[in-house]
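1. Any chance you can model this:
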Amino acid sequence: MIVIALTASIVLFDGWKLMRSKQDIPNLGQFPTGGMAWQSQMGQELVRNVTMLGAIVVMIVAPWFLAERSGTATHWVLIFDVLLGIHGCWLVLPKRYAITKDALWVDGFSVDWNRLWWTGYSGGSSITLQRKGWWRLAPLPLGGSDEDLAAAALRIDAIMVGEWDTLTNLLNEEE
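-> Next up is the predicted model:
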């Protein structure tokens with residue numbers, strides 16, 4: 001029951017944060033301060049989260065092999081599977097992202113830049129940053145169109161090398 005309660009709490013909290021992201025990021029496009037916001041599509045989120053969806057499938061199947069041995073009632077396993085299924089749905093919903101000088105907004109959460117590290121972007125269907133202190137165990141992928149990801153990578157590079165103001169000036173000159 002503790003596992004069910006914790007899983008339900010996580011699923012409900014993540015769902016609430018995702019639904020709230022439209023309030024946190026009300027406008028899409030470039031910001032006058034150099035930042036930007038964009039929204040992904042369902043197919044892009046599927047690509048972005050394919051490994052997490054695979055892990056959810058494993059977590060849905062594995063308890064069935066252990067339920068009888070552990071004496072876990074079938075209804076608890078079913079509830080757990082339904083909660084994981086809902087979480088899987090959250091993963092493929094279109095999401096809003098934003099980059100500002102101070103933070104990255106992803107999955108309804110704001111993450112300070114000093115908590116992330118970056119190895120660059122060479123194209124592809126997602127950008128992946130890493131959370132400091134977690135090695136490769138906590139990747140933070142960003143989804144979106146090729147154009148949105150290229151524009152985001154430009155800004156992330158500027159932030160990581162301390163050239164945000166230079167980038168902002170160049171972007172403002174282009175307009």
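
2. what's the offset of stretch 73-81 from the middle of its chain?
-> 27 Å (CA atoms, centre = their mean, to the nearest Å).

3. buried ones in it?
-> 77, 79-81 (16 or more other CB atoms under 10 Å). Every C-beta, even on glycine, is put in place using the N, C-alpha and C of the backbone.

4. residue ranges for the strands of this protein, please.
-> In the chain, the segments counted as strands under DSSP state E are 29-30, 36-39, 96-99, 103-106, 109-112, 116-117, 127-131, 139-142.

5. Would you mind finding the most buried of these?
-> Neighbour counts (mean count of other CB atoms under 10 Å) averaged over each of these peak at strand 96-99, with a mean of 23.

6. same for that one, what does it pack against?
-> If contacts are counted by 3 or more CB pairs under 8 Å, 6 or more residues apart in numbering; DSSP states H and E, strand 96-99 sits against helix 2-24, strand 36-39, strand 103-106, helix 146-160.

7. Can you list the strands that that strand pairs with?
-> strand 36-39 (antiparallel), strand 103-106 (antiparallel) (DSSP bridges).

8. List the residues that contact the most centrally placed residue in the chain.
-> Among the residues of the chain, the one closest to the centroid is residue 107, at 4.3 Å (CA atoms, centre = their mean). Residues in contact with residue 107, defined by CB atoms under 8 Å, 6 or more residues apart in numbering, are 14, 17-18, 21, 95.

9. separation between it and residue 94?
-> 12 Å (CB to CB, to the nearest Å).

10. go on, residue 145?
-> 12 Å.

11. Residues in contact with both of those two, list them for me.
-> 40-41, 44.

12. As a markdown table, the strands paired with strand 96-99 with mean pLDDT and distance to residue 85 would be great.
-> Formatted as a markdown table, these follow (pLDDT from 0 to 100; distance: least, CB to CB, whole Å):
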| stretch | mean pLDDT | distance to residue 85 |
| --- | --- | --- |
| strand 36-39 | 96 | 24 |
| strand 103-106 | 94 | 23 |
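
13. mind checking which of those is nearest residue 170?
-> Across the strands paired with strand 96-99, residue 170 has its closest neighbour in strand 36-39 (13.9 Å, CB to CB).

14. so how far is the closest one off the chain centroid?
-> The chain centroid and the centroid of strand 36-39 are separated by 13 Å under CA atoms, centre = their mean.

15. The buried residues of stretch 73-81 in helices, which ones?
-> Judged by DSSP state H, helices contain the following of the buried residues of stretch 73-81: 77, 79-81.

16. Go through the residues you listed and name the one nearest residue 138.
-> Scanning these for proximity to residue 138, where the rule is CB to CB, the winner is residue 80, at 22.9 Å.
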